[in-house]
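Engineer: Model the following, please.
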Amino acid sequence: MKTALITGANKSIGFEAARQLLRLGYYVYLGSRDAHKGQQAADQLRAEGLTQVEPLLLDVTDSASITAARAALGQKTPVLDVLINNAGILGGMSQPALTTSLTTIREVFDTNVFGVIEVTQAFIDLLRESVAPRIVNVTSGLGSLTLHNDPSWKYYAVKGAAYQPSKAALNAYTIMLAYELRDTPFKVNAVDPGYTATDFNHYSGPGTVADAAARVVKAALLGPDGPTSQFFSDDNAPETGISPW
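Structural biologist: Sure thing, here's the model as predicted:
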């Protein structure tokens with residue numbers, strides 16, 4: 001049975017991605033920084049008949065929590081097949097480049113970038129035990145530097161000094177990680193789930209959580225001939241599904 005760990009999985013896209021992987025026969029560990037919410041999420045999935053699931057206490061901004069989560073997961077399974085780095089924060093709706101505080105920017109980067117790096121480094125040994133390991137970094141279409149410099153882009157005016165740069169940095173890390181793992185069975189990709197209606201954006205997005213999660217899961221299921229080091233975005237590139245960086 002294949003195993004998957006999803007960070008920030010007690011709600012929204014992470015939770016739905018867990019549901020979809022469970023329906024495909026995976027055993028899923030729900031990473032959650034709140035033990036009670038993680039348990040509630042697992043209980044809800046079990047009530048739906050999806051029993052191959054359990055919560056894992058994991059705060060991606062806390063090194064001690066990451067270390068403890070790695071130790072706990074290592075006692076449950078010797079192999080991790082899929083890591084979905086889904087946990088992320090917005091940092092507020094208005095982030096002017098000249099006035100957004102460094103405190104806000106650091107807070108966003110701690111979760112969206114440094115948390116991904118530390119979690120990936122902590123669990124890489126379990127992933128190496130898989131015959132087909134997959135790492136999916138959940139990014140945003142707003143992380144595209146190319147499109148942010150294109151006045152014709154539909155989101156050109158949606159600028160921010162914390163969130164957008166954090167996702168651009170995450171994309172850059174994805175490229176570096178994929179390159180380092182290029183001669184292995186790993187597939188490492190960044191996935192933009194699209195502008196989705198969640199509490200993350202006060203439910204302003206037009207997309208559904210089910211569709212967003214399906215994009216993430218698709219990258220987790222890539223076969224041996226599938227791509228690596230890609231920025232998947234149906235929103236940015238509806239014809240090809242591959243966004244410019």
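Engineer: Can you show me the strands along this structure?
Structural biologist: 3-6, 27-32, 53-57, 82-85, 134-138, 187-192, 231-233 (DSSP state E).
Engineer: Thr146 is nearest to which of those strands?
Structural biologist: Thr146 lies closest, by Cβ to Cβ, to one member of the strands of the chain: strand 231-233, at 9.9 Å. Glycine gets a C-beta too; all of them are placed from N, C-alpha and C.
Engineer: can the strands of the chain go into TSV with extra columns for distance to Gln121 and mean neighbour count?
Structural biologist: What follows is the strands of the chain, written out as TSV (distance: least, Cβ to Cβ, whole Å; neighbours: other Cβ atoms under 10 Å):
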stretch	distance to Gln121	mean neighbour count
strand 3-6	14	26
strand 27-32	15	26
strand 53-57	17	20
strand 82-85	11	28
strand 134-138	11	27
strand 187-192	13	26
strand 231-233	21	24
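Engineer: Output those strands as JSON lines; include the columns mean pLDDT.
Structural biologist: Shown next, in JSON lines, are the strands of the chain (pLDDT from 0 to 100):
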{"stretch": "strand 3-6", "mean pLDDT": "99"}
{"stretch": "strand 27-32", "mean pLDDT": "98"}
{"stretch": "strand 53-57", "mean pLDDT": "98"}
{"stretch": "strand 82-85", "mean pLDDT": "99"}
{"stretch": "strand 134-138", "mean pLDDT": "99"}
{"stretch": "strand 187-192", "mean pLDDT": "98"}
{"stretch": "strand 231-233", "mean pLDDT": "98"}
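Engineer: and of the ones you listed, who's closest to Leu127?
Structural biologist: Among the strands of the chain, if distance is taken as Cβ to Cβ, the winner is strand 82-85, at 6.1 Å.
Engineer: Neighbouring strands - and their directions - for that closest one?
Structural biologist: Strand 82-85 sits in its sheet next to strand 3-6 (parallel), strand 134-138 (parallel), going by DSSP bridges.
Engineer: In TSV: those strands, plus distance to Met93.
Structural biologist: Below are the strands paired with strand 82-85 laid out as TSV (distance: least, Cβ to Cβ, whole Å):
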stretch	distance to Met93
strand 3-6	26
strand 134-138	20
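Engineer: Near the spatially closest residue to Gln20 that is not a sequence neighbour, how many other residues are there?
Structural biologist: Sequence neighbours aside, Val217 is the residue nearest to Gln20 in space, at 4.8 Å (criterion: Cβ to Cβ, 6 or more residues apart in numbering). Val217 has 24 neighbouring residues, counting by other Cβ atoms under 10 Å.
Engineer: I'd assumed Arg19 was in contact with Val217.
Structural biologist: No: using Cβ atoms under 8 Å, Val217 is not in contact with Arg19; the gap is 9.5 Å.
Engineer: Buried residues, stretch 233-240. List them.
Structural biologist: Neighbour counts over stretch 233-240 (16 or more other Cβ atoms under 10 Å) mark 233-237 as buried.
Engineer: got the contact list for that stretch?
Structural biologist: Outside stretch 233-240, the residues that touch it by Cβ atoms under 8 Å, 6 or more residues apart in numbering are 141, 144, 147, 191-192, 194-195, 207, 215, 241-244.
Engineer: Mind doing that once more with 10 Å?
Structural biologist: 139-144, 146-147, 153-155, 190-196, 205-207, 211-212, 215, 218, 231-232, 241-244 (Cβ atoms under 10 Å, 6 or more residues apart in numbering).
Engineer: Which helix in this structure has the most residues?
Structural biologist: Longest helix in the chain by number of residues (criterion: DSSP state H): helix 163-180.
Engineer: list the buried ones in that one?
Structural biologist: Neighbour counts over helix 163-180 (16+ other Cβ under 10 Å) mark 163-171, 173-175, 177-178 as buried.
Engineer: can you count the residues close to Ala35?
Structural biologist: For Ala35, the count of nearby residues is 13 (other Cβ under 10 Å).
Engineer: Fine by me, we can end here.
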